[in-house]
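Novice: For reference, the sequence and a predicted model appear below.
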Amino acid sequence: MISVKIHWRALPFAAKAIARKLWAIITFGTLLVPKEERDNRLAICDKCEHKIGSESSTSQCGICLCFLSLKTRFKDEVCPLRPNPKW
């Protein structure tokens, strides 16, 4: 059995984001970035001061509370830092 700790504030946002992404994939086809770009985005997030958690599969963005392993995979996602996103 796998134990996963999830920040409680993230649940409604994560559910909405996952539903939105599934709808986009079903409607428009795949919207994923290449593995190299995803790895680059994750590397940037790993160094960010807003990252929550240390496990790569469950770490979250401290600003938007998205799961980084999912957020970094999609073409239409951007870093939520404003006015200068990191990726």
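Specialist: Right, received. Where do you want to start? Just so you know, these numbers come straight off a predicted model, no measurement behind them. Numbers count the residues shown, from 1 in each chain.

Novice: Just the buried residues of the biggest helix by length in the chain, please?
Specialist: Longest among the helix segments of the chain by residue count, using DSSP state H, is helix 10-28. Buried residues in helix 10-28, counted by 16 or more other C-beta atoms under 10 Å: 10, 13, 14, 17, 21. (C-beta placed from N, C-alpha, C; glycine too.)

Novice: who's in contact with the residue nearest the centre of the chain?
Specialist: In the chain, the centroid-proximal residue (C-alpha atoms, centre = their mean) is residue 71; its distance is 2.3 Å. Neighbouring residues of residue 71 by C-beta atoms under 8 Å, 6 or more residues apart in numbering: 17, 61, 64, 77.

Novice: ranking these by neighbours, who comes first?
Specialist: Compared across the contacts of residue 71, residue 61 has the highest neighbour count, 21 neighbours, by other C-beta atoms under 10 Å.

Novice: For that one, give me phi and psi.
Specialist: phi -80, psi 130 (degrees, to the nearest 10).

Novice: In contact with it, which residues?
Specialist: Counted by C-beta under 8 Å, 6+ apart, residue 61 has contacts 45, 48, 50, 51, 52, 68, 71, 80.

Novice: repeat that for 7 Å
Specialist: 50, 51, 68, 71, 80 (C-beta atoms under 7 Å, 6 or more residues apart in numbering).

Novice: among the helices and strands of the protein, which has the poorest mean pLDDT?
Specialist: helix 10-28 (a mean of 75; mean pLDDT, DSSP states H and E).

Novice: After that helix, which helix or strand is next?
Specialist: helix 35-46 (DSSP states H and E).

Novice: Which positions in that next one come out as buried?
Specialist: Buried-residue list, helix 35-46, by 16+ other C-beta under 10 Å: 38, 41, 42, 44, 45.

Novice: And stretch 61-74, by the same measure?
Specialist: Buried residues in stretch 61-74 (16+ other C-beta under 10 Å): 61, 64, 65, 66, 67, 68, 69, 71, 72, 73, 74.

Novice: did I read that right, the second one in a strand?
Specialist: Read it as residue 64. No - counting by DSSP: H, G, I helix; E, B strand; the rest coil, residue 64 falls outside a strand, being coil.
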